[in-house]
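# pasted the sequence and its predicted model underneath.
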Amino acid sequence: MNAPAVAEQAMPPAELEAAMVEMGRRARAAARTLALMDGEVKTRALRAAAAALRAAAQDILEANARDVARARADGANEAFIDRLTLTPARVEGMAAGVELVADLPDPVGKVLESWSRPNGMTIDRVRTPLGVIGVIYESRPNVTADAAALCVRAGNAVILRGGSDSLASSGAIHRAFVSGLVSAGLPADVVQFVNVADRAAVGMMLAGLGGNVDVIVPRGGKGLVARVQSDARVPVFAHLEGIVHVFVDKAADLEMAKSVVLNAKMRRTGICGAAETLLVDRSVAATHLAPLVKMLLDAGCEVRGDGDVQKVDPRVKPAGDEDWDTEYLDAIISVKLVDGLDEAIDHIETHGSHHTDGIITADPQAALRFLSEVDSAIVVHNASTQFADGGEFGFGAEIGIATGRMHARGPVGAEQLTSFKYRIHGAGQTRA
């Protein structure tokens with residue numbers, strides 16, 4: 001029996017609360033069923049979900065067109081529209097991503113470690129699902145499929161609450177995805193979708209839906225994530241923002257630096273792995289600074305710099321104190337000269353968000369120090385920071401980038417959506 005739908009139209013508070021708590025109860029029951037399913041069953045179900053997404057592509061695109069038209073009428077900017085928009089290629093990318101997750105090894109039941117005690121007992125540490133995961137996200141409807149696939153792969157039930165701007169798109173994706181799961185024998189309640197714009201639903205999820213939500217994962221802007229971290233009564237995997245740095249060391253090859261910096265900033269400016277601050281070693285300012293700044297400006301990127309940087313090109317705008325602490329998510333970058341590796345690391349520690357930071361250098365010792373001392377979830381040597389993505393890590397997809405230090409850190413893939421338990425095997429031992 002399917003869970004009762006949470007209606008897209010407004011609901012009286014008491015009715016909404018009852019529907020949300022029931023959703024949590026059904027998710028808990030589905031999670032218990034899914035946790036015991038063989039990995040091959042989940043694999044077949046995910047492949048069926050991918051096929052269902054392809055079959056429903058036209059319905060998904062029509063729903064997305066309604067969301068995009070509404071967003072444009074409401075005056076949304078182009079960066080927002082880009083995150084919201086689906087195309088045939090993006091729908092195919094969603095389906096292909098689900099298939100990549102289906103191809104991942106099933107983490108549930110994997111023995112992580114096994115040892116014996118002097119009394120003859122053996123102890124195994126074994127991966128287990130987390131249980132029920134609540135995912136709260138904003139304007140990226142593709143998160144619906146990514147999050148659902150990763151949760152199913154890891155044996156978890158999931159309750160999805162997409163942004164009000166993408167309700168039609170996310171709802172269409174959810175319907176297709178679940179139809180595939182059900183055709184392969186999984187309960188529909190394994191993946192549920194809160195099809196209501198009322199923000200009270202978010203508060204109910206953060207409260208745990210009667211003790212039925214084990215973890216909350218927010219995927220969105222700083223305001224959403226800050227609210228989740230402040231109000232949640234259950235554990236949260238989250239990052240507030242991606243203030244990402246690239247440091248061009250004195251031993252950096254200029255051509256490599258130009259290629260990496262351009263990609264790190266301009267490949268996609270609206271993602272959390274996009275570079276927001278460029279730091280250049282003062283000792284190579286004469287050879288490296290002007291070419292890097294000119295390249296960014298010529299590519300259509302606004303450059304905001306300190307006094308030294310403003311001297312190299314009249315198009316550079318002055319950087320204020322707030323620029324070093326800003327996640328632009330746009331074609332804007334702040335640029336600063338620093339006195340070597342120590343000052344670069346200090347600047348990142350002071351202004352960074354512990355998300356992703358990179359160094360460009362041919363000096364292995366400088367690289368080792370940077371990778372060891374920069375306390376970010378992802379540290380990169382001689383490569384673009386835009387590789388901060390679960391798919392690029394081989395995780396198939398990601399449910400987000402976690403910048404905390406507990407449990408999951410970095411891209412949260414299927415493996416990170418598991419916990420573990422200890423299995424003890426004895427032969428009648430008793431404790432003295």
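Structure received.
# who touches Ala168 in this structure?
Contact partners of Ala168, counting by CB atoms under 8 Å, 6 or more residues apart in numbering, are Ala63, Asn64, Arg66, Asp67. In this view, the C-beta of every residue, glycine as well, is placed from N, C-alpha and C.
# and the gap between the last one and Ala168?
Relative to Ala168, Asp67 is positioned 5 Å away (criterion: CB to CB, to the nearest Å).
# got any ranges where this structure has weak pLDDT?
Low-confidence segments of the chain (pLDDT under 70): 1-10, 240.
# moving C-terminal of the lengthiest helix in it, what's the next helix or strand?
Secondary structure of the chain per DSSP state H: the longest helix is helix 13-35. Next along the chain after helix 13-35, taking DSSP states H and E as the criterion, comes helix 39-55.
# may I have that next one exported as PDB, CA atoms only?
Taking Å, rounded to 0.1, in the frame of the first residue of the first chain, the C-alpha atoms of helix 39-55 are listed here in PDB:
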ATOM      1  CA  GLY A  39      22.100  -6.300  -2.800                       C
ATOM      2  CA  GLU A  40      21.200  -7.700  -6.200                       C
ATOM      3  CA  VAL A  41      17.500  -6.900  -5.600                       C
ATOM      4  CA  LYS A  42      18.500  -3.200  -4.900                       C
ATOM      5  CA  THR A  43      20.700  -3.300  -8.100                       C
ATOM      6  CA  ARG A  44      17.800  -4.400 -10.200                       C
ATOM      7  CA  ALA A  45      15.500  -1.900  -8.700                       C
ATOM      8  CA  LEU A  46      17.900   1.000  -9.400                       C
ATOM      9  CA  ARG A  47      18.300  -0.100 -13.000                       C
ATOM     10  CA  ALA A  48      14.500  -0.200 -13.300                       C
ATOM     11  CA  ALA A  49      14.300   3.300 -11.800                       C
ATOM     12  CA  ALA A  50      16.800   4.600 -14.400                       C
ATOM     13  CA  ALA A  51      14.800   3.100 -17.200                       C
ATOM     14  CA  ALA A  52      11.600   4.700 -15.700                       C
ATOM     15  CA  LEU A  53      13.300   8.100 -15.700                       C
ATOM     16  CA  ARG A  54      14.100   7.700 -19.400                       C
ATOM     17  CA  ALA A  55      10.600   6.600 -20.200                       C
END
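# got the buried residues for that helix?
Residues 39, 42-54 are the ones in helix 39-55 that count as buried (16 or more other CB atoms under 10 Å).
# buried residues, whichever helix or strand comes after that helix. List them.
Using DSSP H and E, the helix or strand that follows helix 39-55 in sequence is helix 57-73. Neighbour counts over helix 57-73 (16+ other CB under 10 Å) mark Ala57, Ile60, Leu61, Ala63, Asn64, Asp67, Val68, Arg70, Ala71 as buried.
# where does Ser114 land in three-state SS?
Following DSSP: H, G, I helix; E, B strand; the rest coil, we place Ser114 in the strand state.
# which residue packs closest to it, ignoring adjacent ones?
Spatial nearest neighbour of Ser114, excluding adjacent residues (CB to CB, 6 or more residues apart in numbering): Asp124 at 4.7 Å.
# helix/strand/coil for the one you found?
Here Asp124 is recorded as strand under three-state DSSP.
# isn't it up against Gly109?
No: in this structure, Asp124 is not within contact of Gly109 by CB atoms under 8 Å, at 10.3 Å.
# now do the shared contacts for those two.
With CB under 8 Å, 6+ apart as the test, Asp124 and Gly109 reach no residue in common.
# quick check on Val236: phi, psi?
Per-residue torsions, Val236: phi -130, psi 130 (degrees, to the nearest 10).
# could you chop this structure up by domain?
Under the assignment automatic domain parsing, the domains of the chain span 13-237+412-424, 244-392.
# now the end-to-end length of the last one.
The one in question is domain 244-392. 17 Å (CA to CA, to the nearest Å).
# likewise stretch 260-276?
Span of stretch 260-276 from end to end, CA to CA: 13 Å.
# again, but for stretch 143-163
Taking CA to CA, the first and last residues of stretch 143-163 lie 11 Å apart.
# centre of the chain to it, how far?
Taking CA atoms, centre = their mean, to the nearest Å, one finds the center of stretch 143-163 at 12 Å from the center of the full chain.
# circling back: closest one to Gly120 out of the buried residues of helix 39-55, please.
Gly39 (31.3 Å; CB to CB).
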